[in-house]
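Engineer: How does the following fold in three dimensions:
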Amino acid sequence: MPRTVHVALSTTSKSTLADQVARHLRGEILSGARAPGEKLKPEFELAESFGVNRFTVREAMNKLEQMRLIERFPGRGTVVLDYSEHANVDVIEDLVLSGDGRMNPFVMSNLLEAARMFCSEIAALAAERRNESDLAKLEGLVGEMRYEQRVSRISSLDFEFQWALAGAAGNIVPRLVLNSLRGLLTKYAPLLETLYLAPDSIVDGYHHVVDSIRLRDAERARSLVRWIWIWRHQRFVDFLDQFDKSSLPAT
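Structural biologist: Residues are numbered from 1 along each chain as shown. Below is the predicted model of the structure:
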């Protein structure tokens with residue numbers, strides 16, 4: 001008979017026990033410790049393992065089901081889903097950072113690549129659809145970024161610039177996507193400051209982007225934003241490479 005493994009949950013955390021159970025199982029699923037197609041133990045066994053009641057486990061399972069990490073089959077039990085095929089952006093935080101706080105360079109690189117595609121097309125739409133109010137907002141943000149010295153504030157202004165671009169594009173979906181990421185970006189602002197190793201160059205690039213939007217030159221706006229993100233991506237990769245080399249023991 002397999003040994004029961006008890007998982008210690010915090011009694012002082014502000015999160016509920018159900019949140020903690022869900023977070024633990026979510027981490028196992030996203031790390032690959034629980035493979036797609038694997039069948040989870042019945043609720044009463046999970047409750048015993050976590051030292052909680054079945055209602056807590058059921059609530060945790062509801063959360064995982066909403067995130068499309070598991071699927072319940074009446075009479076057959078609960079099965080782990082392939083998150084890459086079923087999950088949404090809610091799992092990004094767990095994929096970018098592991099439970100011990102380590103960043104996943106592969107996932108972060110994927111995020112930057114997606115941002116390049118996403119933001120360059122938004123900029124092109126903004127050039128085609130912007131009004132004078134949109135233009136004034138973008139100009140104001142770039143002007144504020146130019147005279148700002150605090151990297152944390154530059155990062156915040158950068159997000160507001162992307163949000164203003166989405167507004168100028170006249171498409172509600174990009175703004176909703178950015179809204180869903182706002183909390184994540186705020187929470188991990190210190191980590192993301194590595195994207196601003198040369199903020200002056202980014203601000204200069206945004207200045208030209210705004211000029212293109214003013215002239216309604218969609219292709220130039222698209223190309224400039226794509227270049228900014230390619231450059232930013234490469235700087236980030238270089239930073240990680242230098243960090244990895246500096247962490248190696250001296251020979």
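
Engineer: domains of this protein?
Structural biologist: 17-87, 104-246 (automatic domain parsing).

Engineer: Can you lay out those as a markdown table showing distance to E93?
Structural biologist: Yep, even glycine has a C-beta here, placed from its N, CA and C like the rest. Listed next are the domains of the chain as a markdown table, based on distance: least, C-beta to C-beta, whole Å:
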| stretch | distance to E93 |
| --- | --- |
| domain 17-87 | 10 |
| domain 104-246 | 5 |
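
Engineer: weakest of those domains by average pLDDT?
Structural biologist: Lowest mean pLDDT within those: domain 104-246, a mean of 84.

Engineer: How far does that domain sit from its chain's centre?
Structural biologist: The chain centre lies 14 Å from the centre of domain 104-246; the measure is C-alpha atoms, centre = their mean, to the nearest Å.

Engineer: So A33: helix, strand or coil?
Structural biologist: coil (DSSP: H, G, I helix; E, B strand; the rest coil).

Engineer: Strands of this protein, start to end?
Structural biologist: 70-73, 77-80 (DSSP state E).

Engineer: elements contacting the first one?
Structural biologist: In other words, strand 70-73. helix 54-66, strand 77-80 (3 or more C-beta pairs under 8 Å, 6 or more residues apart in numbering; DSSP states H and E).

Engineer: Buried residues, the longest one. List them.
Structural biologist: Within helix 54-66, the residues scored as buried using 16 or more other C-beta atoms under 10 Å are 56-57, 59-61, 63-64.

Engineer: cool, the last one as well?
Structural biologist: Neighbour counts using 16+ other C-beta under 10 Å place 78, 80 of strand 77-80 among the buried residues.

Engineer: CA atoms of it as PDB?
Structural biologist: The C-alpha coordinates for strand 77-80 follow below in PDB (Å, rounded to 0.1, in the frame of the first residue of the first chain):
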ATOM      1  CA  GLY A  77     -12.300  10.600 -11.500                       C
ATOM      2  CA  THR A  78     -10.100  13.700 -12.200                       C
ATOM      3  CA  VAL A  79      -7.500  13.800 -15.000                       C
ATOM      4  CA  VAL A  80      -4.600  16.300 -15.500                       C
END
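
Engineer: what does that strand contact?
Structural biologist: 29, 34-40, 42, 61, 69-73 (C-beta atoms under 8 Å, 6 or more residues apart in numbering).

Engineer: could you redo the last one with a cut-off of 7 Å?
Structural biologist: With C-beta atoms under 7 Å, 6 or more residues apart in numbering as the test, strand 77-80 has contacts from 29, 34-40, 42, 61, 70-73.

Engineer: All the helices of this protein, residue numbers only.
Structural biologist: Here the chain has its helices, by DSSP state H, at 17-31, 43-50, 54-66, 83-86, 92-96, 105-129, 132-146, 151-169, 172-187, 189-192, 199-214, 218-246.

Engineer: quick one: the residue nearest the centre of the chain from N104, how far?
Structural biologist: Geometric centre of the chain, nearest residue: I92, 4.7 Å, by C-alpha atoms, centre = their mean. I92 sits 10 Å away from N104, going by C-beta to C-beta, to the nearest Å.

Engineer: Over to Q234?
Structural biologist: 18 Å.

Engineer: returning to that earlier point: can you redo the strands of the chain as JSON lines with distance to T16?
Structural biologist: Output for the strands of the chain, formatted as JSON lines (distance: least, C-beta to C-beta, whole Å):
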{"stretch": "strand 70-73", "distance to T16": "19"}
{"stretch": "strand 77-80", "distance to T16": "20"}
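
Engineer: which stretch among these comes nearest H86?
Structural biologist: With C-beta to C-beta as the measure, strand 70-73 is the member of those nearest H86 (8.1 Å).
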